[in-house]
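*Asks:* Fold the following.
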Amino acid sequence: MKETTILAIESSCDETAAAVVQGGRTVLSNCISSQIALHQIYGGVVPEIASRKHLEAIDAVVREAMKTAKTGWEEIDAIAVTYGPGLVGALLVGVAHAKALAYALKKPLLGVHHIEGHIAANYITDPQWEPPYLCLVVSGGHTHLVLVEGYTRYQILGKTRDDAAGEAFDKVARAIGLGYPGGPKIDAVSKMGNPEAVHFPRPCLEEDGFSFSFSGLKSAVLNYLNQMEMKGEPYKQADIAASFQAAVVEVLTKKTLAAANEFKISKIAMAGGVSANRALRASMEAACMAEKKQLCVPDLILCTDNAAMIGCAAYYQYQDGRRSDLSLNAVPNLPLQ
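*Replies:* Residues are numbered from 1 along each chain as shown. A predicted model of the protein is given here:
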């Protein structure tokens with residue numbers, strides 16, 4: 001029996017991506033055109049520039065995905081696309097392209113939630129991984145603790161009240177002169193720093209429940225830098241980076257394990273760009289080993305935005321009989337149902 005083959009498109013932020021995924025977990029191609037170098041000079045993603053670059057790249061990226069997969073259009077069973085959350089202009093480019101393909105090829109259209117895609121990346125990394133499990137989703141736009149009850153069923157146990165973890169990384173990186181993207185740069189510099197040099201607060205750690213808050217931690221770092229500047233005292237960039245990272249990692253790890261224990265969950269996964277962080281991966285591995293819990297972390301290429309994860313999530317929607325029609329639109333603040 002022929003495996004379901006899906007062409008997936010992702011354009012929610014600053015990566016134009018397309019992939020061909022077979023049977024949900026076999027990636028035939030995963031092509032990404034990144035805009036990071038372009039946005040670095042501005043210290044962050046400029047939405048208008050991102051949209052324009054998506055328009056320039058998307059046709060070539062889709063063609064490259066099909067060529068790499070050695071797949072003909074007649075072999076594609078459905079077209080999948082991220083329709084939210086994300087930057088509205090960027091999302092619209094991907095949605096419009098996917099709708100045009102679905103219409104022209106007379107193929108089913110599948111609108112995919114960006115966070116569902118990140119969660120699904122674990123199924124590609126570990127072909128044996130399956131629900132139920134607890135997933136920590138950490139990225140530039142999201143910090144969620146999600147109980148994955150089934151391939152298309154989710155329950156949000158907690159999320160950030162303000163800044164996402166990745167957003168805090170970007171802002172602190174900018175403040176200490178590292179620039180964009182903040183996450184990888186803080187991770188790299190932290191290797192040379194002392195994580196105990198400055199004790200920054202651990203927000204929400206003593207509270208009941210599973211909410212996060214990183215705005216106060218970010219402000220604590222900025223206040224510390226201002227105080228040092230006013231006193232005319234030097235500080236070590238690597239120490240600030242390592243101390244900040246240690247605070248974020250401790251909160252994420254302890255909150256995740258607390259939720260897993262309360263809900264009696266033995267399997268934990270991670271997802272999103274921040275799950276590529278070296279210190280977070282090491283902390284979660286150590287904590288899960290100590291608590292005798294199974295851990296799944298996506299391959300590094302699947303942590304950041306890509307279309308293979310969208311194709312994987314779409315496969316399970318397709319199996320559920322879900323379809324989108326051609327009225328599908330971009331939803332920048334789309335909630336996870």
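*Asks:* how about the helices of the stretch 101-250 of the chain, start to end?
*Replies:* 114-125, 165-175, 182-190, 215-231, 237-262 (DSSP state H, counting those that start in this stretch).
*Asks:* pLDDT (mean, whole number) over the longest one?
*Replies:* Read it as helix 237-262. For helix 237-262, mean pLDDT rounds to 96.
*Asks:* tell me the angle of that helix relative to helix 215-231?
*Replies:* Using axes from the mean of the first three to the mean of the last three C-alpha atoms, to 10 degrees, the inter-axis angle of helix 237-262 relative to helix 215-231 is 160 degrees.
*Asks:* Tell me which residues of helix 237-262 come out buried.
*Replies:* 237-253, 255-260 (16 or more other C-beta atoms under 10 Å). Backbone N, C-alpha and C define where each C-beta goes, glycine included.
*Asks:* before we move on, the earlier item: closest one to residue 141 among the helices of the stretch 101-250 of the chain?
*Replies:* Counting by C-beta to C-beta, residue 141 lies closest to helix 165-175 out of those; the figure is 7.1 Å.
*Asks:* Which residue ranges make up the domains of the protein?
*Replies:* Domains of the chain are assigned by automatic domain parsing as 5-119+303-319, 132-298.
*Asks:* Number of residues surrounding the closest residue to residue 185 other than its chain neighbours?
*Replies:* Distances taken as C-beta to C-beta, 6 or more residues apart in numbering put residue 178 closest to residue 185, at 4.2 Å, once the chain neighbours are dropped. The local packing of residue 178 (other C-beta atoms under 10 Å) involves 20 other residues.
*Asks:* middle-most residue in this protein, spatially?
*Replies:* Geometric centre of the chain, nearest residue: residue 272, 2.4 Å, by C-alpha atoms, centre = their mean.
*Asks:* Point out the other helices and strands that the worst-scoring helix or strand of the chain on mean pLDDT packs with.
*Replies:* Of all helical and strand segments in the chain, the minimum by mean pLDDT, DSSP states H and E falls on helix 36-40, at a mean of 87. When contacts are defined as 3 or more C-beta pairs under 8 Å, 6 or more residues apart in numbering; DSSP states H and E, helix 36-40 packs onto helix 47-69.
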